[in-house]
Each structure stands twice: as C-alpha cells, then as structure tokens.
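[1] Pasting the sequence and the predicted coordinates here, then a few questions.
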Amino acid sequence: MTENRQLCIGLSLSATWMKGDGWRRPDSGVEKMGSIDYYIDLAKIAEKAKLDFLFRADYLYVSPQMLGDSANFGSPDPTMIFAAIARETERIGLVTTISTTFNPPYVVARQLQSLHWLSNGRAGWNIVTSIEGAENFGDFPMPSPEVRYAKAMEFTDVVRKLWESFPNEAIIMDRESGMFSERDKVSSIDHSGEFFSVKGPLTMPAHKSGSIPFFQAGASDTGRNFASTVADAIFAAMPDLESGVELRTDLRKRAKEQGRNPDAIKVLPGLYFFLADTREEANELHKTAHAHLSMERRHASLQSVLGLDLSSFALDHRVTADMLPDPNQPVRSRTHAELLRRYITNNQPTAEEVLARPEVVGSAHWVSVGTVDDVVSDIMERFEAGAIDGFIALPGGSEKSMELFFEKLMPKLVERGLFRSQYTGVTLREHLGIT
Ligand SMILES: Cc1cc2nc3c(=O)[nH]c(=O)nc-3n(C[C@H](O)[C@H](O)[C@H](O)COP(=O)(O)O)c2cc1C
C-alpha cells in the first residue's frame, strides 16, 4: 500500500502548542508570539526539514473563546504573514486561507497572484466558505452552506479565469522592437454570474511557474463535491482512522466521477500531536492542553457542535443514535456535526467519552500522544490503511514537542522512505506533484 507513495507534510503556523494552559508553561515562549520573527524562525525550521508547505487558517471575526485565558494574537492577515516569510525562505510552499464568502474575487485573485510572484511560485490557497463572521460584512445573516458553496464555486472559477486573463507569455520584453507586452494575449473575462460580475483582465500577469494549487476545508456532502471538483488537497478534520478511510475513499471516488485522477486530490488531516521523551510526559502535556475545559465548557461546546444537551445525564450514561437531534437542524459546521453523529451511532459511547472527543474539545483533528515511535506508528497505521496522503502538523503541548517533531520524528519518516530527504522542486506545484 505504501509502495512508492510518499507523505505530503505541511506545518500549521498557528501556535497550537500554546493551546489551553500550554502558554503558561515557563518554557512556552509565549512572549515571542506577537512578532513576525517568531514565524519566520519556524518557517526556516520547517524548510530545513524539507516540509512541503506552511499553512495558516484564518477567521474574520473575534470569537469569545479567543479572549481571556487562551493565548491568542487573533488573526493577522495570513497572506501578509506569508509575504514576509516569502522573502526569508526559498523552497517551502505557502498556503494562505481566504474566505470566498466575504471577499471580492478580483481582490483575492490579485492577492494570491502577488504572493505567487513574491515567493517565486510557492503560493497555495486554502479555500474556505467560513462558519461565522457575516456581521462584519453588512446586515445579512450567514448564508446557508449551499449558498456559500455555490458562491465558492463561482468565485474560484472567476479567480482562475482572471489568472488566465493575463498569461505570463503576454510579456515579451523585446528591447529591439520596443514591444514590452503583447496586447492581444491579455483579454477581459466578461464574467456575469449569479454572484459576481467581473470584466477583467487582472492587473498583473500570471507567474511563470503555473497556476496556484487549491486547498479546501469542509467535508459535508456539498463540501466534498466542491473539493472533488477543484481541490488539489483537502485540509481534513479526521478524529479517527475510520473517518479518514471513509473520507479519502469517497473523495477519490468523487474525483474519478468528475473525470479527474483520484491521486490528484490529497487528503491531509490536521495531526495534533503531543510528543515527549516518555509516554507519561506526553500524557501530561495533553492533559494540560485541555485542563481549562471544565465540564460546563464541554457541555456548551457539544451543544454548539451538535445541538445535543447531555448536562442532565450521568457521565457513564450511554449515548445512542436515538438521542441525536434531527439531522436537518442547522449546525455551525456540518462536517463536525456529521463526524460526531457517526461516532455516536457506531460506538454508543458514554457521555464522558463524548465530552472528551476531539470534535468537542478541539477542532475534530486527529490527536496522537506519546513518544516519537508511538506517533510514527500512528502515522504509518493511517497511511497504510489508506486514510491519509500526508498531514498538516499541529504541534501540541510545548515547544519541545515541536522540536522532537523536527529533530527526531521527521528523520524517522525519511529513514523509512516515507518522506524525501531533499527538495526535488522549487514550487508548491512541484512539491505536490501537480503536473
Ligand atoms: C478542518 C476545517 C478547517 C476549517 N478552517 C476554516 C478557516 O480557517 N476559516 C474559515 O473561515 N472557515 C474554516 N472552516 C469552515 C469551512 O470552510 C466551511 O465553511 C464549514 O466547514 C462548513 O462547510 P461544511 O458544510 O462542508 O461543513 C474549516 C472547516 C474545516 C472542516
């Protein structure tokens, strides 16, 4: 199964290792968080380990959970952060997150193409339709997921057309004839659709390295259709192996139905790991990261994810499918709600187990806790089972946990032939094997 297949690996540049009470540790380095130098240093470490790309999620609203006891510098614009990192790195890909729900496509096409130029072909776009934030963009409530995805589809189409409207070949730069650019090769797109009217062309030529890879996040039925049509990679919430196998198998099938090569879409879950020299220390790190989550907060989170209230049940009470709320009731994220519904239906867990699930205490990401060998086995298991094509590293617990990832875990993956020891290309397209 793993023959010839290599892992695709990215690093999330959000300070996940400071989550919960992690930032309060004396060695957390939290003071450095508000400076770009910190992110540049991390980018350089990731590039030294030959990671495929850096990644940063982004939200256009301030959630109350971001304030108070959690270490958070909010959401500085990730595309600007990557512009600074572009000048300090040479090979690593830079995957920025931009919402199709709140931005105009002309501005986004230009921002992304600019990052592509600044980084010499290393930009990537994580396309999100967003869950919250409508109040910052007018008086309208959040559009339904269907409307958001329909808009995202048209949005990406417009962005693509804008990139093609000013092809790189239009630049001639012929001193002798005095011809700088070939006018005929630059054309308007005259787009008129349900959501956008854009004449074009874009203000700048496309970078010579080729089109910018698309990442996507959101895995409801509509989200999967969207991903299988446009995405080169999906940032997946994958709390367990079964959900991973189901998602990857399904996305590959859908990609094939769209006439695409199933290998053209990489499934990359967030891997929230807690690494230490011993299992005891790693478990302690994991515990600390969740210590601030009282039962009250867990119940509130479960309510918000699934609309399920377990506060009147004993912790050892079994939660069964018939206790689940109506599946058609609106939820914040169908992806997260669906993951939890499936887990409850298949396992009939106790209330305590439900309240400890990654969908409830975090963002539903795959959590791996232990020594370097433990986490490597976990990665191997999911890779061999066909649940993943790689992962986006979300280092948890402490800076030491991240150091172990780069100094010990990554070399092990290289030793086992699961990851390359040198870059073989210079652009993100090349790292992702996009031809
Ligand atoms: C793993 C994951 C990461 C996401 N990251 C972001 C993000 O950084 N910013 C954002 O605005 N929305 C983010 N979203 C929300 C999605 O873009 C989408 O709006 C939401 O999941 C609803 O889609 P669904 O109906 O397919 O679940 C994320 C969703 C998932 C599952």
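    It's in. On a predicted model such as this, the values are computed, not experimentally measured, just so you know. Residues are numbered from 1 along each chain as shown.
[2] mind checking how far the residue lying closest to residue 50 once chain neighbours are set aside is from residue 364?
    Using C-beta to C-beta, 6 or more residues apart in numbering and skipping the chain neighbours, the partner closest in space to residue 50 is residue 423 (5.5 Å). Every C-beta, even on glycine, is put in place using the N, C-alpha and C of the backbone. Distance, residue 423 to residue 364, by C-beta to C-beta, to the nearest Å: 31 Å.
[3] Of the two, which one has the most company?
    When residue 423 and residue 364 are compared for neighbours, residue 364 comes out ahead with 28 against 15, by other C-beta atoms under 10 Å.
[4] Counting neighbours, what do you get for the nearest residue to that one once chain neighbours are set aside?
    Among residues not flanking residue 364 along the chain, residue 237 sits closest, at 3.7 Å (C-beta to C-beta, 6+ apart). Residue 237: 24 surrounding residues under other C-beta under 10 Å.
[5] give the contact list for residue 237.
    Counting by C-beta atoms under 8 Å, 6 or more residues apart in numbering, residue 237 touches 217, 219, 269-270, 335-336, 339, 359, 363-365.
[6] and stretch 375-383, how far from the chain's centre?
    Relative to the centre of its chain, stretch 375-383 is centred 20 Å away, using C-alpha atoms, centre = their mean, to the nearest Å.
[7] Report the buried residues of it.
    Across stretch 375-383, burial judged by 16 or more other C-beta atoms under 10 Å covers 375-376, 378-380, 382-383.
[8] where do the strands sit along the stretch 1-150 of the chain?
    Ranges of strands in the stretch 1-150 of the chain, per DSSP state E, counting those that start in this stretch, are 8-12, 53-56, 93-99, 123-128.
[9] Out of those, which is closest to the ligand?
    Proximity to the ligand (C-beta to the nearest ligand atom) singles out strand 123-128 among these, at 3.3 Å.
[10] can you list contacts of that closest one?
    With C-beta under 8 Å, 6+ apart as the test, strand 123-128 has contacts from 53, 55, 57-58, 82, 93-101, 112-113, 115-116, 152, 156, 212-218, 230-231, 235, 428.
[11] Repeat the analysis, applying 6 Å as the threshold.
    93-95, 97, 99-100, 112, 115-116, 212-217, 428 (C-beta atoms under 6 Å, 6 or more residues apart in numbering).
[12] now stretch 37-46
    The contact list for stretch 37-46 (C-beta under 6 Å, 6+ apart) reads 11, 13, 32, 54, 81, 85, 88-89, 406.
[13] out of those, who's nearest the ligand?
    Each of these was scored against the ligand by C-beta to the nearest ligand atom, and residue 13 proved nearest at 12.0 Å.
[14] what's the closest non-adjacent residue to that closest one?
    Of all residues not flanking residue 13 in the chain, residue 56 sits nearest, at 4.6 Å (C-beta to C-beta, 6+ apart).
[15] What of residue 425?
    Closest to residue 425 by C-beta to C-beta, 6+ apart is residue 431, at 5.9 Å.
[16] The one you found and residue 52 touch, don't they?
    Yes: shown here, residue 431 and residue 52 form a contact pair, counting by C-beta atoms under 6 Å, at 4.2 Å.
[17] Quick one: the strands in the stretch 201-350 of the chain, in order.
    Assigned by DSSP E, counting those that start in this stretch, the strands in the stretch 201-350 of the chain fall at 214-216, 233-236, 266-275.
[18] Can you check which of those gets nearest to residue 5?
    Closest of the strands of the stretch 201-350 of the chain to residue 5 is strand 266-275, at 10.7 Å (criterion: C-beta to C-beta).
[19] what about residue 391, distance to residue 252?
    For residue 391 relative to residue 252 (C-beta to C-beta), the value is 17 Å.
[20] Just want to know which of these two has more residues nearby.
    More neighbours surround residue 391 than the other of residue 391 and residue 252, with 27 against 20 (other C-beta under 10 Å).
[21] helix or strand for residue 151, which one?
    helix 145-165 (DSSP states H and E).
[22] Could you check the angle that helix makes with strand 123-128?
    Per axes from the mean of the first three to the mean of the last three C-alpha atoms, to 10 degrees, the angle that helix 145-165 makes with strand 123-128 is 160 degrees.
[23] Which residues does whichever helix or strand comes after helix 145-165 contact?
    Later in the chain than helix 145-165, the nearest helix or strand by DSSP H and E is strand 171-174. Strand 171-174 is contacted by residues 179-182, 205 when judged by C-beta under 6 Å, 6+ apart.
[24] can you check stretch 4-15 too?
    By C-beta under 6 Å, 6+ apart, stretch 4-15 touches 33, 39, 46, 51-56, 266, 389-390, 392-394, 418-419.
[25] How about the contacts made by residue 61?
    Counting by C-beta under 6 Å, 6+ apart, residue 61 touches 132-133, 136.
[26] Now it: closest residue in space, sequence neighbours ignored.
    Closest residue in space to residue 61, ignoring its immediate chain neighbours: residue 133 at 3.8 Å, by C-beta to C-beta, 6+ apart.
[27] Kindly report the same for residue 350.
    Residue nearest to residue 350 in three dimensions, not counting chain neighbours: residue 316, with 5.2 Å by C-beta to C-beta, 6+ apart.
[28] The one you found: how many residues sit nearby?
    The tally of other residues near residue 316 (other C-beta under 10 Å) stands at 9.
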